[in-house]
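Enquirer: kindly return the folded structure for what I paste below:
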Amino acid sequence: MLEWIREHLMQRLQKNRDRARVKWTGKVCPSPRITKILERNQEQVADCIPIKCNDVHYQVSCYDGGQYTVNLQKWVCSCRSWQLTGIPCIHAVCAILKQNLDPVDFVHDLYSVETYLKAYEHPILGISYEVLWADSLYIPPLPPNFGTKPRRGRKATNRRKESDEKGKKKGHKQVRMRRQQTTLKCRKCGVEGHNIATCKEQSVIYILV
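Expert: Here you go, the predicted model:
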């Protein structure tokens, strides 16, 4: 099972590297999420009016009454959506298009193909057959010793003894307590010292004629 997982990951990492190097020709990873957000923001640009303050600062007014500031040099918008997602928001796209620039160039490097390749640049190398392994002088690892399992429930404690009870003291043996009871009295013969089960008096049987 572990060997299958190792081989599966080894092939999957290399497959991702080949796909990024051969098929992905743009700067940003062709993720449907990034493409969908950029397309949606570009479609809603018509609802915004950009006012250029200087080469990098813009004031963007929207038809819903909102007004935002955009800094193209620091990649900052006052709505903070650009800073949180790393993808230009509607206001940033409006300012970027006003500058005749491509919004894709303002996507964070986290979504770039170069960053994707760095994440998968360390491969899982293959290993030889076990017979070809070099002998080791170290002791083989042993399974962990988990010890005894803890008892369930509350920890057992000794009963609190009364002051007149005899108990176990330090350096002394345990004193066995005998049951205290009154003198037995037989219900059959009325003599004390035994009960009806150990009574030796013979039973008298009366036969009616």
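Enquirer: run through the chain and note the low-pLDDT ranges.
Expert: 163-181, 202-209 (pLDDT under 70).
Enquirer: all helices of it, in order?
Expert: According to DSSP state H, the chain carries its helices in the segments 2-22, 32-43, 81-85, 90-98, 113-119.
Enquirer: to Asp105, which of those lies closest?
Expert: With Cβ to Cβ, the closest approach to Asp105 among the helices of the chain belongs to helix 90-98: 8.2 Å. Where you see a C-beta, it was placed from the backbone N, CA and C, and this is true even at glycine.
Enquirer: thinking again about what came up before, most packed of the helices of the chain?
Expert: Neighbour counts (mean count of other Cβ atoms under 10 Å) averaged over each of the helices of the chain peak at helix 90-98, with a mean of 24.
Enquirer: quick revisit: so can I have a markdown table of the helices of the chain showing distance to Phe106?
Expert: A markdown table is the format used below for the helices of the chain (distance: least, Cβ to Cβ, whole Å):
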| stretch | distance to Phe106 |
| --- | --- |
| helix 2-22 | 21 |
| helix 32-43 | 10 |
| helix 81-85 | 8 |
| helix 90-98 | 6 |
| helix 113-119 | 15 |
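Enquirer: of all those helices, which one is nearest Cys186?
Expert: When these are compared by Cβ to Cβ, helix 2-22 sits nearest Cys186, at 79.1 Å.
Enquirer: by contact count, what packs against the closest one?
Expert: On a contact count with 3 or more Cβ pairs under 8 Å, 6 or more residues apart in numbering; DSSP states H and E, helix 2-22 meets helix 113-119.
Enquirer: what's the helix it packs on packed up against?
Expert: helix 2-22.
Enquirer: can you pull out the strands in the protein?
Expert: Listed in chain order, the strands found in the chain under DSSP state E are 48-52, 57-62, 67-71, 76-77.
Enquirer: the shortest one packs against which elements?
Expert: Right, the one you point to is strand 76-77. Counting contacts by 3+ Cβ pairs under 8 Å, 6+ apart, strand 76-77 is packed against strand 67-71, helix 81-85.
Enquirer: can you redo these as a markdown table with distance to Cys53?
Expert: Converted to a markdown table, the helices and strands packed on strand 76-77 look like this (distance: least, Cβ to Cβ, whole Å):
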| stretch | distance to Cys53 |
| --- | --- |
| strand 67-71 | 8 |
| helix 81-85 | 17 |
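Enquirer: so which of those comes closest to Tyr129?
Expert: The closest of those to Tyr129 is helix 81-85. By Cβ to Cβ, the value is 48.8 Å.
Enquirer: and the contacts of the closest one?
Expert: Ile37, Trp75, Val76, Cys77, Pro88, Cys89, Ala92 (Cβ atoms under 8 Å, 6 or more residues apart in numbering).
Enquirer: so what's the last one up against?
Expert: In this case it means Ala92. So, once contact is read as Cβ under 8 Å, 6+ apart, Ala92 ends up touching Val70, Leu72, Trp75, Cys77, Trp82, Pro103, Phe106.
Enquirer: what's the PyMOL syntax to select whichever of those residues are buried?
Expert: A single PyMOL command selects the buried members of the contacts of Ala92 (16 or more other Cβ atoms under 10 Å):
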select buried, resi 70+72+77+82+103+106
